[in-house]
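1. got a predicted structure plus its sequence, pasted below:
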Amino acid sequence: MTDIATSLNNAAASETPEGGIRWGLVLDHAILIAGSLFMLLPVFLAFMTSTHEAVTVHTEGVQYLPGDQLVANYSTVLFDGIGFTGAVNGTTMMMNSMILGFGFAIGKIIVAMMAAYAIVYFRFPLAELAFWAIFVTLLLPLEVRILPSYEIVRKMGLINSYTGLIVPLIASATATFFFRQFFKTVPDELVEAARIDGAGPMKFFIDILVPLSRTMIAAIFIIMFVYGWNQYLWPTLITTNEDYFTLVRGIKQIIQVWVGAQIPEYSQAMALAVLAMLPPVIVVVVFQSWFIRGLTESDK
């Protein structure tokens, strides 16, 4: 294999003139750079707009150059009261979004791992039917079942609570599917060895499957954290108290403030939008290698 790889490298090198330009490589990089700039342009415009006064944004629209209100706008949205009543600030909203994101990610991982573990390792009747019943729920997005879900939460008295925000949505068919596929790749010899050593079902799950699932857990964590962080519709229904507002909802709250001739704080809304992007970006960057390994790694 080494000789074949060396021969291919030599052949490729011989096709490219020494000191010549590899136009294919240049084109690939140009496409990547253009795509990156296209994706980053809205973020750049949001940041530039967040450094101006609300009057400037209201009269002139989105700004392409920096203004002089950077510190003032960001300190206002982070520490001063905003919204209809002024009882909440960006720091509280960010904390609520963080609780929602971590609650979604951790809850979905725990529930999905336990469901996948039962489906794969407990040979109960209709196990495959149970899995496909779970999988079919992917065809029913939140918007389809949101009214009955809201009615259940209301009757349980969970309106304006973190429990009402997180628990009704922690079941995940996507995560269950990924963990089921992963558990099916675990060699049967590990199961037999655990039985010989006297490990029960929970010990096998905690001591063997969970450590083996680290990369898959990291990948699912990123997906579910971003999903929970960006939730807008569900928190809008469940929370009427501003103390439970998230960053995503807070952006809309600022724009809706019309009192007399008051101009909506578009620049502060843009500042909140920029702040709302930071935690998901940090999570993706930190867990990037784990995310790729978790979704592509096949040899366990």
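-> Received the coordinates, thanks.

2. ok, and what's touching the strand or helix carrying residue 195?
-> Using DSSP states H and E, residue 195 maps to helix 188-196. With CB atoms under 8 Å, 6 or more residues apart in numbering as the test, helix 188-196 has contacts from 121, 203, 204, 208. For glycine as for every other residue, the C-beta is placed from the backbone atoms N, C-alpha and C.

3. one more time with 6 Å
-> residue 204 (CB atoms under 6 Å, 6 or more residues apart in numbering).

4. buried ones in that helix?
-> By 16 or more other CB atoms under 10 Å, the buried positions in helix 188-196 come out as residue 194.

5. where does the stretch 151-300 of the chain dip in pLDDT?
-> Where the stretch 151-300 of the chain drops to pLDDT under 70, the residues are 256-262, 294-300.

6. change it to 50
-> Along the stretch 151-300 of the chain, segments meeting pLDDT under 50 span 259-260, 298-300.

7. who's in contact with residue 121?
-> Per CB under 6 Å, 6+ apart, neighbours of residue 121: none.

8. show me what the host helix or strand of residue 223 is packed against.
-> Assigned by DSSP H and E, residue 223 belongs to helix 214-229. Packing partners of helix 214-229 (3 or more CB pairs under 6 Å, 6 or more residues apart in numbering; DSSP states H and E): helix 90-121, helix 266-286, helix 288-296.

9. out of these, the one nearest residue 40 is which?
-> Each of the helices and strands packed on helix 214-229 was scored for nearness to residue 40 using CB to CB, and the closest is helix 266-286 (10.9 Å).

10. how about that closest one as PDB, C-alpha atoms only?
-> Output in PDB follows, covering the C-alpha atoms of helix 266-286 (Å, rounded to 0.1, in the frame of the first residue of the first chain):
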ATOM      1  CA  TYR A 266     -32.800  48.100  16.200                       C
ATOM      2  CA  SER A 267     -29.100  48.500  17.100                       C
ATOM      3  CA  GLN A 268     -29.700  46.800  20.400                       C
ATOM      4  CA  ALA A 269     -31.600  44.000  18.700                       C
ATOM      5  CA  MET A 270     -28.600  43.500  16.400                       C
ATOM      6  CA  ALA A 271     -26.300  43.500  19.400                       C
ATOM      7  CA  LEU A 272     -28.500  40.700  21.000                       C
ATOM      8  CA  ALA A 273     -28.400  38.800  17.700                       C
ATOM      9  CA  VAL A 274     -24.600  39.000  17.700                       C
ATOM     10  CA  LEU A 275     -24.400  37.800  21.300                       C
ATOM     11  CA  ALA A 276     -26.900  35.000  20.500                       C
ATOM     12  CA  MET A 277     -24.400  33.700  17.900                       C
ATOM     13  CA  LEU A 278     -21.400  33.400  20.200                       C
ATOM     14  CA  PRO A 279     -22.200  30.400  22.500                       C
ATOM     15  CA  PRO A 280     -23.200  28.100  19.600                       C
ATOM     16  CA  VAL A 281     -20.100  29.100  17.700                       C
ATOM     17  CA  ILE A 282     -17.900  28.400  20.800                       C
ATOM     18  CA  VAL A 283     -19.500  25.000  21.300                       C
ATOM     19  CA  VAL A 284     -19.100  24.000  17.700                       C
ATOM     20  CA  VAL A 285     -15.400  25.200  17.600                       C
ATOM     21  CA  VAL A 286     -14.500  23.400  20.900                       C
END
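
11. that helix packs against which elements?
-> Helices and strands touching helix 266-286, as assessed by 3+ CB pairs under 6 Å, 6+ apart, comprise helix 23-49, helix 54-60, helix 70-79, helix 214-229, helix 247-255.

12. name the residues that touch that helix?
-> Taking CB under 6 Å, 6+ apart as the rule, helix 266-286 contacts 46-47, 49-50, 52, 54, 57, 73-74, 77, 90, 222, 225-226, 229, 247, 250-251, 254-255.

13. so which of the helices and strands packed on helix 266-286 gets nearest residue 145?
-> Among the helices and strands packed on helix 266-286, the nearest to residue 145 by CB to CB is helix 214-229 (16.1 Å).

14. let me know the angle separating that closest one from helix 247-255.
-> Computed with axes from the mean of the first three to the mean of the last three CA atoms, to 10 degrees, the direction of helix 214-229 lies at 20 degrees from that of helix 247-255.

15. what residues sit buried inside helix 214-229?
-> Neighbour-count burial for helix 214-229 [16+ other CB under 10 Å]: 215-229.

16. do stretch 91-102 as well
-> Buried residues in stretch 91-102 (16+ other CB under 10 Å): 92, 93, 94, 96, 97, 98, 99, 100, 101, 102.
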